[in-house]
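K.L.:
3D model of this:
(one chain, ligands or ions: 1)
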Amino acid sequence: MVVRKIKDGISWVGAIDWDRRLFDSLVPTPKGTSYNAYLIRGSEKTALLDTVDETMEMDLITNLMTENVDKLDYIVIHHTEQDHTSCLPLVLDLYPTAVIVTNAKCKELLIEFFGIDEGRFTVIEDGETLDLGGKTLQFILAPWVHWPDTMFTYIPEDKIIFTTDFLGSHLATSDLFINDPERLYESAKRYYAEIMMPFAGSIPTYLDKIESLNVDIIAPSHGPLYDNPDLILGYYRQWAAGAPKNTAVIAYVSMHGSTKKMVDILSNALVGEGVHVERFNLAESDTGLLAMALVEAKTIIIATPTVLFGAHPLAVYAAYLTAAIKPKAKYATVIGSFGWGGKTVKQISDMIAPLKCEMIEPVYVKGQAVEKDITALKQLAKTIATKHAESN
Ligand code: FEO
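P.N.:
This next block holds a predicted model:
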């Protein structure tokens with residue numbers, strides 16, 4: 001536990017979770033994460049912005065003790081999810097006069113999740129302000145990045161905006177700020193792919209809003225802060241609104257090598273056609289890396305054998321995940337091999353149908369790929385390359 005000063009009257013009082021390797025029992029976090037909470041001290045009032053995951057509640061409490069916070073006037077909650085709120089009941093007990101400041105949706109969810117007494121809330125509207133004395137909290141409702149309850153807080157006197165999960169990264173680091181693009185890129189893109197990409201349609205509006213404020217500092221709820229906001233705002237512009245690239249992502253699984261042989265043939269043919277290939281063996285890949293590759297892919301290829309009557313379960317998982325995180329790919333197809341039957345192609349095609357990609361003719365063969373199948377795979381590569389070139 002450690003307190004880190006950001007500006008006069010503004011400190012980071014959260015927790016760094018160096019060892020967390022999985023989020024939501026779903027998202028790999030190979031570089032850990034942090035739960036950022038902030039203490040804002042005006043001349044009149046004191047506010048805590050968010051809390052931390054309850055597994056690290058003592059870090060937050062110790063930080064508040066270190067700062068000699070004997071009274072909290074407000075606890076601003078930007079988003080209900082438990083990694084930021086599960087120790088809220090404890091903080092409310094420790095500061096019995098503190099008032100939770102949040103929006104109506106977040107209040108509703110906090111009451112449902114934690115049974116917090118209704119009398120402890122003040123509900124704010126979009127654009128409303130709260131004066132702490134020389135520090136004004138200006139609230140900006142930002143639903144759907146990534147929950148309906150999400151909101152930001154901007155402090156105009158310090159030109160700092162607190163954006164909760166939006167623009168964050170799962171990166172445990174001793175650096176309060178990050179300015180090194182190489183260190184930032186992977187963690188921020190992985191986070192975007194897994195958490196924010198399904199809401200890409202909402203994102204440009206919020207980027208415009210933040211840019212219009214001309215902020216000096218962006219302070220998210222996970223990972224380091226940004227004192228060069230253009231870096232992360234630029235990445236989000238590209239990821240959310242930029243055109244997909246000349247990339248084909250192949251997510252594959254193979255039981256006895258027949259499907260892998262087809263993947264090898266298709267990969268080589270795509271490379272020969274000038275298409276950038278990213279491929280992931282689902283039996284051993286980090287799904288976060290797959291999600292990252294999908295951010296800017298133009299074509300998605302699910303390669304799977306048939307197991308019993310349908311796709312291999314790892315391919316089902318990949319197809320489900322792909323449909324859920326909603327990459328902006330334009331084309332998709334299925335390749336693989338079967339033994340005696342099944343409805344694998346239809347099953348996978350139906351699963352990724354919500355992406356509204358154009359489905360390219362699959363290459364699905366009985367047993368080992370033979371000459372005609374190899375020809376079909378090479379033709380598939382040509383078709384993908386042509387479509388990529390035409391849609392530039
Ligand atoms: Fe970091 Fe949506 O919670």
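K.L.:
Please name the residues that touch the closest residue to the ligand within the stretch 51-200 of the chain.
P.N.:
Relative to the ligand, the nearest point of the stretch 51-200 of the chain is Glu81 (3.5 Å; Cβ to the nearest ligand atom). In this view, the C-beta of every residue, glycine as well, is placed from N, C-alpha and C. Neighbouring residues of Glu81 by Cβ atoms under 8 Å, 6 or more residues apart in numbering: 147, 165.
K.L.:
Asp227: neighbour count?
P.N.:
17 (other Cβ atoms under 10 Å).
K.L.:
Run a quick neighbour tally on the closest residue to Val123 other than its chain neighbours.
P.N.:
Closest residue to Val123 apart from its sequence neighbours, by Cβ to Cβ, 6 or more residues apart in numbering: Ala104 at 5.2 Å. Using other Cβ under 10 Å, Ala104 has 13 other residues around it.
K.L.:
Then the one 5 residues further on?
P.N.:
For Leu109, the count of nearby residues is 20 (other Cβ under 10 Å).
K.L.:
Quick check, it in contact with Thr80.
P.N.:
Yes. The pair Leu109 / Thr80 is scored as a contact, 4.0 Å apart, by Cβ atoms under 8 Å.
K.L.:
what pLDDT does Met1 get?
P.N.:
The score at Met1 is 69. That number is its pLDDT.
K.L.:
Buried residues in stretch 162-179, which are they?
P.N.:
By neighbour count, and taking 16 or more other Cβ atoms under 10 Å as the criterion, the buried residues in stretch 162-179 are 162-173, 177-178.
K.L.:
want to throw those into TSV with pLDDT?
P.N.:
Shown next, in TSV, are the buried residues of stretch 162-179 (pLDDT from 0 to 100):
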residue	pLDDT
Phe162	98
Thr163	98
Thr164	97
Asp165	97
Phe166	98
Leu167	98
Gly168	97
Ser169	96
His170	95
Leu171	94
Ala172	94
Thr173	92
Phe177	96
Ile178	90
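K.L.:
if we can go back for a sec, show me the common contact partners of Leu109 and Thr80, please.
P.N.:
In contact with both Leu109 and Thr80: Asp149, using Cβ under 8 Å, 6+ apart.
K.L.:
Now the residue nearest the centre of the chain: closest residue in space that isn't a chain neighbour?
P.N.:
A centroid search over the chain (Cα atoms, centre = their mean) returns Ile195, at 2.3 Å, as the residue closest to the centre. Once flanking residues are discounted, Ile195 sits nearest to His146: 5.7 Å by Cβ to Cβ, 6+ apart.
K.L.:
wait, is that neighbour part of a helix?
P.N.:
No. According to DSSP: H, G, I helix; E, B strand; the rest coil, His146 belongs to no helix; its state is coil.
K.L.:
got a list of what it touches?
P.N.:
165-166, 195-196, 198-199.
K.L.:
what residues are up against Ile116?
P.N.:
88-89, 92, 100, 110.
K.L.:
out of those residues, who has the most neighbours?
P.N.:
Counting by other Cβ under 10 Å, top hit in the contacts of Ile116: Leu88 with 26 neighbours.
K.L.:
What is the burial count for the closest residue to that one other than its chain neighbours?
P.N.:
Distances taken as Cβ to Cβ, 6+ apart put Thr51 closest to Leu88, at 5.0 Å, once the chain neighbours are dropped. Applying other Cβ under 10 Å, we find 28 residues neighbouring Thr51.
K.L.:
did I read that right, Thr51 in a helix?
P.N.:
No. Counting by three-state DSSP, Thr51 is located in no helix; its state is coil.
K.L.:
So it sits against Asn36, correct?
P.N.:
No. Using Cβ under 8 Å, Thr51 makes no contact with Asn36, being 10.3 Å away.
K.L.:
Need phi/psi at Ile360.
P.N.:
phi -90, psi 150 (degrees, to the nearest 10).
K.L.:
Could you list which residues are in contact with it?
P.N.:
299, 331-333, 380, 383-384, 387.
K.L.:
The ligand: which of the residues you listed is nearest?
P.N.:
For these, the nearest to the ligand is Ala332 (28.4 Å; Cβ to the nearest ligand atom).
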